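S.K.: model this:
(one chain, ligands or ions: 1)
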Amino acid sequence: MNERDSEAVAAQLVAKGYTLAASEAVADVVLLNTCSVRDGAEQKALAKMQNLAAEVRRNRPNVVLGFMGCMAQSRGQELIDKLPDVDLVIGTQKFHRTADYLDEILAGRRDKVCDVEAESGSEAAIKEHLLYGNPPANDAPRQVTAFVSIMQGCNQYCTFCIVPYTRGPERSRAIPDIVAECQELVARGVKEITLLGQIVTSYGRREIGAKDGESAFVQLIEAVHAIGGLERIRFTSPHPKGYGDDLVEAYGRLPKLCESAHLPVQSGSDRVLKLMHRGYTRPRYLSIIEKLRRVQPDIGIGTDIIVGFPGETEEDFEQTLSLVREAQFDQAFVFKYSQRRDTPAASMPDQIPQSLIEERHAELLKTVNEIVARKLQRFVGQTVQILVEGPSRKNPARLEGRTRCNRIVVFEGSERHRGELMDLRICRASAHTLYGDPAIVGLEAEDRE
Ligand code: SAM
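M.R.: Here you go, the predicted model:
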């Protein structure tokens, strides 16, 4: 989501006549988009800003430095008070004002600006929607996959989570606007679209509502599915409680909807799930996975888990370990609980000591990694379809793409494969990555001839 927001602000600046700088060393303006979900992310952004102040500002005193995003929203003026090199702090509901504020600072009309006011009502929603739209065209190679924001904010109020305070209440875009943005992306060569929101399954609940037993979210998927030339649809993040039968059934019915679901479970203990205010139980969660696998047996299921939530006992943690074994996730992100300001969990009794959080984190990660690696090994010898996204992030001499169930496959290929749907034979698997061999598929094709 932050990547998408950064693109949108860059697009806004380009529309106002700014150009994208090749690096922060030559930029006149450097804005850091920030995340507040865990303390580690905030510390990283603060350290980065101190580094920019020391390195970039020293050589070029007129450079404008700013924070945007969730940490800007939650810390506000405090950032300018603590880091005097910061000129601009812009909250999550004020992205549309970024260019105006920069113009004022660069023209010398204002010294520093901090704007983290929440906007309200339909006018604010319209302003925000001006922000959507495509990233600026530059010399970058053709984009194959794209994120499309379908909503902002969150109403769930999980007790550990800062997002409802930094992103505000849920507000959804209209289906025709989203479809128009997707059509434009497809016309530029995009083949796969990921619909984005904090809790996408809540999309349009108030604004659009259900029709003929179909949630607004499923109506949206159907509308995007109808776009010619689009090959694949994904979405993130859904909430387990939003997985109604209409959505489960959509996986069996809509061929462009990839067999992949990221279902954040957070804990395997009903007691902890209740304290977290998650709104589902362990049996209900497992029943959703079962239903999805009934409709699409090879669906890739990912999750997020938090260890060390306040009051988590050894027994609760055992429940999480057993859920992980039972669910057999294809991918899992394991997070150490991080106390966030103003969240109910931050003041709950029985905060878990950091050493125990580390211990549980290591144990759960080991269990998860063993399962994920074992499941990946099963792909060796199989032929899978991938969408080629571009050079591999780890080794740019190779190419990479994703399977429909969201696994990364690396292979020897050339730039001309970018954007192609290719069948690859998997020849090897490491802990998180599959390696494919198009040559073998080529040989088979010759054999067939
Ligand atoms: N909206 C999604 C949901 O809750 O279903 C997840 C979005 S959140 C940005 C990504 C993940 O960060 C969460 O699923 C959770 O596992 C983790 N997270 C959120 N708050 C956290 C905290 N205070 N400490 C550790 N992890 C946290």
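S.K.: doesn't C427 fall inside a strand?
M.R.: Yes. The assignment for C427 by DSSP: H, G, I helix; E, B strand; the rest coil puts it in a strand.
S.K.: That one is in contact with V380, isn't it?
M.R.: Yes. With contact defined as Cβ atoms under 8 Å, C427 reaches V380; the gap is 6.9 Å. In short, each C-beta sits where N, CA and C put it, glycine included.
S.K.: Quick check: phi and psi on F335?
M.R.: Main-chain torsions, F335, degrees, to the nearest 10: phi -110, psi 140.
S.K.: Local confidence estimate at it?
M.R.: On the pLDDT scale, F335 is placed at 98.
S.K.: cool, N59 as well?
M.R.: pLDDT, N59: 86.
S.K.: now swap in Q143 and tell me
M.R.: On the pLDDT scale, Q143 gets 89.
S.K.: Check the one 5 residues further on too.
M.R.: Reading off the per-residue confidence, V148 sits at a pLDDT of 94.
S.K.: Okay, now the sheet partners of the helix or strand where it lies, with direction.
M.R.: Remark: V148 resides in strand 145-149, with elements defined by DSSP states H and E. As defined by DSSP bridges, the strand partners of strand 145-149 come to strand 192-196 (parallel).
S.K.: Only the C-alpha atoms, please, for the strand it pairs with, written as CSV.
M.R.: Provided in CSV are the C-alpha atoms of strand 192-196 (Å, rounded to 0.1, in the frame of the first residue of the first chain):
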residue,chain,number,x,y,z
GLU,A,192,-1.9,-8.8,-13.5
ILE,A,193,-3.7,-6.5,-11.0
THR,A,194,-3.6,-6.7,-7.3
LEU,A,195,-6.6,-5.0,-5.6
LEU,A,196,-5.4,-3.3,-2.5
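S.K.: For stretch 202-213, buried residues please.
M.R.: 202-205, 208 (16 or more other Cβ atoms under 10 Å).
S.K.: Which one of the residues you listed is nearest to T19?
M.R.: Distance to T19, by Cβ to Cβ, is smallest for Y203 among those, at 34.9 Å.
S.K.: Once you drop chain neighbours, what's closest to the closest one?
M.R.: Counting by Cβ to Cβ, 6 or more residues apart in numbering, Y203 lies nearest to F217, which is 4.2 Å off, once chain neighbours are set aside.
S.K.: what packs against the one helix or strand that neighbour maps to?
M.R.: Using DSSP H and E, F217 falls within helix 216-225. Contact analysis of helix 216-225 by 3 or more Cβ pairs under 8 Å, 6 or more residues apart in numbering; DSSP states H and E lists helix 175-187, strand 192-196, strand 232-236, helix 245-253 as its packing neighbours.
S.K.: and of the ones you listed, who's closest to L46?
M.R.: Of all these, strand 192-196 comes closest under Cβ to Cβ, at 26.0 Å.
S.K.: so that closest one versus helix 216-225, what angle?
M.R.: Strand 192-196 runs at 160 degrees relative to helix 216-225, counting by axes from the mean of the first three to the mean of the last three Cα atoms, to 10 degrees.
S.K.: what inclination does strand 192-196 have with respect to helix 175-187?
M.R.: Using the same axes, to 10 degrees, strand 192-196 lies at 150 degrees relative to helix 175-187.
S.K.: hang on, the earlier thing: tell me the buried residues in the helix holding F217?
M.R.: With burial defined by 16+ other Cβ under 10 Å, the residues of helix 216-225 counted as buried are 216-221, 224.
S.K.: farthest pair in those?
M.R.: Maximum pairwise distance among these (Cβ to Cβ): 12.7 Å, between A216 and V224.
S.K.: What ranges in this protein fall below the confidence cut-off?
M.R.: Residues of the chain that meet the criterion pLDDT under 70 lie in 120-140, 439-449.
S.K.: Around the ligand, pick out the residues from it.
M.R.: 37-38, 158, 160-161, 163, 198-199, 237, 239, 264, 266, 304, 306, 335, 337-338, 340 (Cβ under 6 Å from any ligand atom).
S.K.: Take those and keep only those in strands.
M.R.: Those of the residues of the chain next to the ligand mapping onto strands are 304, 306, 335, per DSSP state E.
S.K.: Using PyMOL, define a selection of the buried residues within those.
M.R.: Selection of buried members from those for PyMOL, criterion 16+ other Cβ under 10 Å:
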select buried, resi 306+335
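S.K.: Adding distance to I178, write the ones in strands among the residues of the chain next to the ligand out as TSV.
M.R.: Listed next are these as TSV, based on distance: Cβ to Cβ, whole Å:
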residue	distance to I178
D304	25
I306	31
F335	30
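S.K.: picking that back up, of all the helices and strands packed on helix 216-225, which one comes closest to C70?
M.R.: Nearest to C70 among the helices and strands packed on helix 216-225 is strand 192-196; the distance by Cβ to Cβ comes to 15.0 Å.
S.K.: just how off-centre is the closest one within its chain?
M.R.: Taking Cα atoms, centre = their mean, to the nearest Å, one finds the center of strand 192-196 at 10 Å from the center of the full chain.
S.K.: angle of that strand against strand 232-236?
M.R.: 20 degrees.
S.K.: Give me the residues contacting strand 192-196.
M.R.: Outside strand 192-196, the residues that touch it by Cβ atoms under 8 Å, 6 or more residues apart in numbering are 1, 4, 144-150, 178, 182, 185-186, 220-221, 224, 230-236, 258, 387.
S.K.: Show me just the buried residues among those residues.
M.R.: 1, 4, 144-150, 178, 182, 185-186, 220-221, 224, 230-236, 258, 387.
S.K.: quick one, strands of the stretch 51-200 of the chain?
M.R.: In the stretch 51-200 of the chain, the segments counted as strands under DSSP state E, counting those that start in this stretch are 64-69, 88-90, 113-115, 145-149, 151-152, 171-172, 192-196.
S.K.: What are the boundaries of the strands in the stretch 301-449 of the chain?
M.R.: Here the stretch 301-449 of the chain has its strands, by DSSP E, counting those that start in this stretch, at 331-336, 383-391, 399-403, 408-411, 421-429, 434-437.
S.K.: Pull out the buried positions in the fifth one.
M.R.: By neighbour count with 16+ other Cβ under 10 Å, strand 421-429 contains the buried residues 422, 424-426, 429.
S.K.: follow-up on the earlier one: just the buried ones from the residues of the chain next to the ligand?
M.R.: Among the residues of the chain next to the ligand, those classed as buried by 16+ other Cβ under 10 Å are 37-38, 158, 160-161, 163, 198-199, 237, 239, 264, 266, 306, 335, 337-338, 340.
S.K.: Those in helices, which ones?
M.R.: Counting by DSSP state H, these place V163 in helices.
S.K.: quick one: Q385 and D423 touch, right?
M.R.: Yes. With contact defined as Cβ under 8 Å, Q385 reaches D423; the gap is 5.6 Å.
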